[in-house]
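> Provided below are the primary sequence and the corresponding predicted coordinates.
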Amino acid sequence: MANGLHLDQVRILKDGAPLIEIDTHVAPGSVLTIMGPSGVGKSTLLSAIIGTLPPAFDLQGHVRLEGRDLLPLPPEDRCVGILFQDALLFPHLSVGANLAFGLAQGGTRAERRTQIDTALAEVGLEGFADRDPETLSGGQRARVALMRMLLSEPKALLLDEPFSGLDAALREQVRALVFDHANARALPVLMVTHDQEDADAAGGEVVRLG
Ligand SMILES: Nc1ncnc2c1ncn2[C@@H]1O[C@H](COP(=O)(O)OP(=O)(O)OP(=O)(O)O)[C@@H](O)[C@H]1O
């Protein structure tokens with residue numbers, strides 16, 4: 001079936017030697033969790049999907065998203081959103097300007113401002129548009145990073161240990177928020193984690209590499 005994210009016989013080689021092999025499908029609105037020891041190639045797999053595979057690696061197989069073959073496309077055309085462990089915001093820009101980076105070009109200034117305000121309200125951050133990212137808590141930064149990514153209207157979401165920098169209570173909250181938003185948009189989600197609780201909370205299939 002064309003829907004969702006397909007990794008068809010994907011093999012990644014490092015300096016010519018096989019590193020990982022994976023053949024799987026993530027349906028819209030579901031989460032596939034990838035676990036495995038450090039260095040096995042989990043982050044490398046995500047970089048292959050977003051189109052930033054370092055030159056030491058070779059990729060074989062196919063990655064398809066909603067029926068489109070991703071590998072020939074440049075990163076900016078792949079429509080894949082990613083969140084990392086550190087919710088990296090541009091420190092010299094306001095929260096609103098950070099969010100504007102996620103927005104497609106076009107629309108009036110007022111329309112863009114409305115989209116930004118609506119996104120902030122969706123995650124309980126009304127009135128935060130003019131704030132300096134440095135003044136936000138870890139959980140607030142994670143929310144802004146989530147909305148910046150979602151404003152770019154991705155068709156799939158990749159998560160690379162995105163909750164591991166947060167303390168336990170916050171981790172649970174942010175995790176639920178990310179999964180809820182992904183589910184509401186019927187996005188296929190591929191999550192890399194070391195944490196069994198993340199995998200349990202995701203509730204989907206778990207693939208163990210290595
Ligand atoms: N840019 C790079 N150039 C060459 N080798 C790299 C590069 N990035 C990572 N590696 C190597 O590729 C292998 C896979 O790394 P990767 O970061 O994908 O592992 P991982 O499973 O995500 O590990 P961790 O759980 O520690 O994050 C490791 O041996 C790593 O040292």
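Received it, and whenever you're ready, just let me know what you need.
> Just say helix, strand or coil for H194.
Using DSSP: H, G, I helix; E, B strand; the rest coil, the structure places H194 in coil.
> got a list of what it touches?
M35, E161, S164 (CB atoms under 8 Å, 6 or more residues apart in numbering). Glycine gets a C-beta too; all of them are placed from N, C-alpha and C.
> and the closest residue to the first one other than its chain neighbours, how many residues sit next to it?
This points to M35. Nearest-residue entry for M35: R208, 5.3 Å, with adjacent residues in sequence omitted and distances by CB to CB, 6 or more residues apart in numbering. R208 has 11 neighbours, counted by other CB atoms under 10 Å.
> near the ligand, which residues of the chain show up?
Of all the residues in the chain, those in contact range of the ligand (CB under 6 Å from any ligand atom) are K14, G36, S38, G39, V40, G41, K42, S43, T44, P54, A56.
> Columns pLDDT on top of these, output as JSON lines?
As requested, the residues of the chain next to the ligand are exported to JSON lines (pLDDT from 0 to 100):
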{"residue": "K14", "pLDDT": "95"}
{"residue": "G36", "pLDDT": "93"}
{"residue": "S38", "pLDDT": "93"}
{"residue": "G39", "pLDDT": "93"}
{"residue": "V40", "pLDDT": "94"}
{"residue": "G41", "pLDDT": "95"}
{"residue": "K42", "pLDDT": "96"}
{"residue": "S43", "pLDDT": "95"}
{"residue": "T44", "pLDDT": "96"}
{"residue": "P54", "pLDDT": "94"}
{"residue": "A56", "pLDDT": "92"}
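> just checking, which of those belong to strands?
Under the assignment DSSP state E, these contribute K14 to strands.
> For the buried ones among the residues of the chain next to the ligand, write the corresponding PyMOL selection.
To isolate in PyMOL the members of the residues of the chain next to the ligand that are buried, counting by 16 or more other CB atoms under 10 Å, one can use:
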select buried, resi 36+40+41+42+43+44
